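Colleague: take a look and give me a structure for this.
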Amino acid sequence: MKLIKNPKYKKILSLFLKQDGTPFFNAKGVAVGVFCGCFPFFGFQTLLGLFLARVAKGNLFLAVIGTWISNPFTYVPLYFFNYKVGSFLLNNYPDIVIDKNSKIEELWEQGGVFSSRLILGSLLVGLFLSSISGVIVFLLYKRKIKKKVF
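Modeller: Residues are numbered from 1 along each chain as shown. Model (predicted):
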């Protein structure tokens with residue numbers, strides 16, 4: 001359990017737990033951030049998370065942290081899973097086949113199929129993960145407030 005005794009880990013966790021606001025306000029921030037982090041918009045996830053957190057009136061700092069669900073270590077597995085979810089739901093499309101004799105129009109069409117699968121999968125996985133993370137963060141902050149009162 002060296003991870004728990006690591007002072008940097010405690011510092012990051014304390015920054016997370018010391019956020020002001022109601023549990024619902026903080027949970028909205030994390031949920032919006034996780035939702036945006038599930039999309040393959042490299043470099044724009046944080047900006048999108050900040051924008052949507054502002055619109056949803058959620059915690060901006062926690063929204064930024066929530067977008068870190070996608071990072072260099074999780075890109076490949078997360079987006080592969082998102083693609084598989086989208087492929088499962090859009091099973092009426094033919095499989096993507098790239099052949100050296102393919103015409104440019106066929107390649108563009110296959111790119112559209114790939115993108116639609118990835119975006120649909122990202123949307124659904126993002127909704128699922130943001131719901132779970134929002135509930136967990138809400139309960140954590142609710143518990144923190146309950147401990148302060150007593």
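
Colleague: now do the helices in this protein.
Modeller: When assigned using DSSP state H, the helices of the chain occupy the ranges 2-5, 7-17, 23-37, 45-56, 60-66, 75-89, 104-149.

Colleague: and the third one, what does it pack onto?
Modeller: This means helix 23-37. Helix 23-37 sits against helix 45-56, helix 60-66, helix 104-149, with contacts defined as 3 or more Cβ pairs under 8 Å, 6 or more residues apart in numbering; DSSP states H and E. For every residue, glycine as well, the C-beta is placed using N, CA and C.

Colleague: mean neighbour count, those: which tops it?
Modeller: helix 60-66 (a mean of 23; mean count of other Cβ atoms under 10 Å).

Colleague: ok so, going back, turn the helices and strands packed on helix 23-37 into CSV, columns for distance to Leu89 and mean pLDDT.
Modeller: Output for the helices and strands packed on helix 23-37, formatted as CSV (distance: least, Cβ to Cβ, whole Å; pLDDT from 0 to 100):
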stretch, distance to Leu89, mean pLDDT
helix 45-56, 23, 95
helix 60-66, 24, 92
helix 104-149, 6, 84
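
Colleague: which of those helices sits closest to Leu90?
Modeller: helix 104-149 (5.6 Å; Cβ to Cβ).

Colleague: between the closest one and helix 75-89, how big is the angle?
Modeller: Relative orientation of helix 104-149 versus helix 75-89 (axes from the mean of the first three to the mean of the last three Cα atoms, to 10 degrees): 110 degrees.

Colleague: counting contacts, what elements does helix 104-149 pack onto?
Modeller: Helices and strands touching helix 104-149, by 3+ Cβ pairs under 8 Å, 6+ apart, are helix 7-17, helix 23-37, helix 60-66, helix 75-89.

Colleague: neighbours of the residue nearest to Val135 when sequence neighbours are not counted, just the number please.
Modeller: In space, and not counting its chain neighbours, Val135 is closest to Ala27: 7.3 Å by Cβ to Cβ, 6 or more residues apart in numbering. Other residues near Ala27 come to 25 when the count uses other Cβ atoms under 10 Å.

Colleague: could you do Asn71 as well?
Modeller: 10.

Colleague: how near is it to Phe24?
Modeller: 27 Å (Cβ to Cβ, to the nearest Å).

Colleague: circling back: let's have the helices and strands packed on helix 23-37 in JSON lines, adding distance to Lys10.
Modeller: Formatted as JSON lines, these follow (distance: least, Cβ to Cβ, whole Å):
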{"stretch": "helix 45-56", "distance to Lys10": "24"}
{"stretch": "helix 60-66", "distance to Lys10": "16"}
{"stretch": "helix 104-149", "distance to Lys10": "15"}
